[in-house]
Every structure is written in structure tokens, then in C-alpha cells.
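Enquirer: structural data only, the sequence is not supplied:
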């Protein structure tokens with residue numbers, strides 16, 4: 001293999017790792033995918049070191065360094081559709097179906113995959129909120145109220161906030177908004193179990209995938225990456241709780257009564 005072919009293979013492996021890590025994949029999955037792609041293209045000197053926010057990829061002999069790349073990957077929301085697509089492509093690469101140039105183009109298409117349409121995300125938030133409210137013991141009316149709060153939550157995040165607030169501010173304001181909506185509906189008689197209504201409504205904000213991934217990273221002895229992801233997930237959870245607590249405390253102070 002000449003240096004040009006080797007460089008193309010390393011570019012493909014690096015791009016695949018970038019997409020996986022930025023989409024919320026586990027550290028072992030990123031490292032294994034890079035290793036399998038390099039091996040499929042005949043690069044046996046590659047070495048990848050992956051953290052939760054960066055990839056270090058090198059290749060070469062002890063006397064000559066052929067390739068070195070350091071990429072910073074900020075923590076983002078999970079995109080499991082991209083993870084699935086890269087996993088499938090890596091299997092096809094191992095089977096010899098795609099040369100490096102073609103694989104790179106396919107990876108670029110995966111990287112540019114659009115997110116779900118905003119109306120679909122709003123509807124999914126409402127359905128998820130209503131179903132989780134019912135799962136946690138709410139009745140039909142509680143679930144219907146949580147459904148409405150979930151819809152308004154993502155309308156707020158996607159059409160009003162639109163990424164202009166930090167993660168901390170977005171989660172605090174989102175938690176406060178759904179709590180206020182649930183309190184107003186509860187006081188109006190639309191719902192019977194306020195706690196279940198609020199719990200169901202905040203579920204779309206809860207970083208369940210990130211927390212689960214952090215546990216898997218720690219279980220695979222990737223302690224640094226797992227700890228960073230867990231800290232990020234716990235920070236989001238704390239911000240949601242802060243938003244809920246602020247509204248509950250403010251309403252209790254104003255009304256002088258007990259809600260629950």
C-alpha cells in the first residue's frame with residue numbers, strides 16, 4: 001500500500017470515528033470501528049486514542065510518522081441514526097464492498113443526514129410525555145395534560161430558544177416552563193396528580209442516552225470519558241430539577257398553599 005492509499009484509508013477511519021463520537025457512541029465502539037476499518041484497508045500500524053471530546057489517531061513505523069491527527073469533538077445530543085448508519089457502513093467496508101474514496105463520500109452523506117422535522121419532534125415530545133405520565137401512575141386526564149405540556153416544551157425549545165441559550169439555561173427554562181404549565185392545568189382542574197404530570201412532562205429533557213452511555217464507558221474501563229459524560233448528564237439533570245424547584249417554590253410562596 002502506497003502513502004496515498006494509506007492516507008485515504010486513515011481519512012475514512014478518522015471521519016467514521018468523528019461521526020460516531022459526535023453522535024453519542026460509546027468509546028469502545030469508536031475505537032473498534034476505527035480499528036476494523038484500518039484493518040480492512042490493510043493499515044496495521046494505526047493507533048487510536050479516544051476520549052469523550054476528542055480523537056487522537058496516528059499511523060506509521062517507529063522511525064517514520066505517516067499520519068497524525070487530533071480532533072476535538074464537543075459533546076452533542078445523541079444521533080443514533082448516524083451511529084447505526086456508520087456501523088452498517090463499517091461492516092460493508094470489512095466485507096470489501098467500498099474502496100476508501102467511495103466510503104468517504106458515504107460517510108459525508110451520513111454526517112450531513114438531517115434531523116427529524118421539527119413538527120415530528122414536537123409530536124414525539126408530547127406523546128413521550130403523555131405515555132411516561134401514564135407509566136408513572138397518572139390517569140388519562142393527567143396524561144393528556146402532560147401531552148400538552150410536552151408539546152409546548154418542544155415548541156419553546158425549537159421555535160423560541162432555537163439554540164440561542166446555553167445547555168444550562170435551556171434545561172432550567174424548559175423545566176420551569178413545563179412545571180408552570182402543569183401547575184396551571186392542575187389548578188384549573190385539568191389533571192388529578194400533579195407530580196405525575198410534571199414527571200411525564202420533563203422526560204423529553206432527561207439525558208437518558210448520555211447517562212446510559214457513560215455507564216457503559218465506565219464498565220468498559222474508559223473511566224475518564226465515562227466520568228465526563230456522566231458529569232454532563234448529571235449537570236443537565238440538576239438544571240432540570242432547578243427549573244422545576246424554582247417554579248414550585250415560587251408558586252408555594254405566592255399561594256401560601258401546598259400543591260401536592
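Expert: Structure received. Here the structure is a predicted model, which means the values were calculated and not measured.
Enquirer: which sections of the protein are below the confidence cut-off?
Expert: Scanning the chain for pLDDT under 70 picks out 1-3, 61-66, 256-260.
Enquirer: center of it - which residue?
Expert: What sits nearest the mean C-alpha location of the chain, by C-alpha atoms, centre = their mean, is residue 78, with 2.3 Å.
Enquirer: which residue is the nearest non-sequential neighbour of that one?
Expert: Nearest residue to residue 78, sequence neighbours excluded (C-beta to C-beta, 6 or more residues apart in numbering): residue 24, at 3.3 Å. Every residue, glycine included, has its C-beta placed from N, CA and C.
Enquirer: and that neighbour, how far is that from residue 245?
Expert: Per C-beta to C-beta, to the nearest Å, residue 24 is found 28 Å from residue 245.
Enquirer: which of the two has more neighbours?
Expert: In terms of neighbours (other C-beta atoms under 10 Å), residue 24 is the more surrounded of residue 24 and residue 245; the figures are 20 against 14.
Enquirer: surely that one is within a strand?
Expert: No - using DSSP: H, G, I helix; E, B strand; the rest coil, the assignment for residue 24 is coil, not a strand.
Enquirer: correct me, but it touches residue 77?
Expert: Yes - proximity of residue 24 to residue 77 meets the contact threshold set by C-beta atoms under 8 Å, at 7.1 Å.
Enquirer: which neighbours do these two have in common?
Expert: Common neighbours of residue 24 and residue 77 are not found (criterion: C-beta atoms under 8 Å, 6 or more residues apart in numbering).
Enquirer: could you grab the helix/strand/coil label for residue 138?
Expert: State at residue 138, reduced to three classes by three-state DSSP: coil.
Enquirer: quick check: phi and psi at it.
Expert: Residue 138 adopts backbone torsions of phi -80, psi 160, taken as degrees, to the nearest 10.
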